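S.K.: Quick one, fold the following:
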Amino acid sequence: MRLALSLRDSNGLRDVQIVEFAQRGEYENLMAAIAVRANLRYEVVENLMHPQRAAGMILVCKATGVSWATAEAVLQLARKRNGLGEDEIERARGEFLELSRSAAERIVRFWQLRQSIIS
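M.R.: Numbers count the residues shown, from 1 in each chain. Below you'll find the model as predicted:
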């Protein structure tokens, strides 16, 4: 989390850094970077990475404004680590492209509110 916070403070935690974490298999750094960018707890983001469906991670990626290429890099790491199917990644592409950023932001804001109430 310290690295992700430092990157955010120094240069805004750009897509290229998220892609690099994903491509290098730096799972913890990737989860921290997405959590910081989405203003969600690490555990929330990590839980989204485990299911066999990519919908939750797609929502977070869309809400944070990353490109499809960045979201796909995240999902490719999920495929390697957690057995996410290649067909699920293709389905996620369609969902990502159809989903509006504002709709994704509303859902993530709800998750942010929920996590603040729970803590």
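
S.K.: Now do the phi/psi pair for Asn65.
M.R.: Slight slip there: residue 65 is Gly, not Asn. Here is the backbone geometry of Gly65 (degrees, to the nearest 10): phi 80, psi 20.

S.K.: For it, which residues are in contact?
M.R.: By Cβ atoms under 8 Å, 6 or more residues apart in numbering, Gly65 lies in contact with Arg101. For every residue, glycine as well, the C-beta is placed using N, CA and C.

S.K.: Poorly predicted segments of the protein, please.
M.R.: 119 (pLDDT under 70).

S.K.: Try it again at 80.
M.R.: Along the chain, the parts satisfying pLDDT under 80 run over 51-52, 118-119.

S.K.: Which secondary structure elements does the lengthiest helix in it sit against?
M.R.: Assignment by DSSP state H gives helix 101-118 as the longest helix of the chain. Packing contacts for helix 101-118, counted by 3 or more Cβ pairs under 8 Å, 6 or more residues apart in numbering; DSSP states H and E, involve helix 55-63.

S.K.: Contacts made by the helix it packs on with the rest, please.
M.R.: With contact meaning Cβ under 8 Å, 6+ apart, helix 55-63 is reached by 34, 38, 40, 45, 47-49, 70-71, 74-75, 78, 92, 95-96, 99, 101, 104-105, 107-108.

S.K.: Done for today, thanks.
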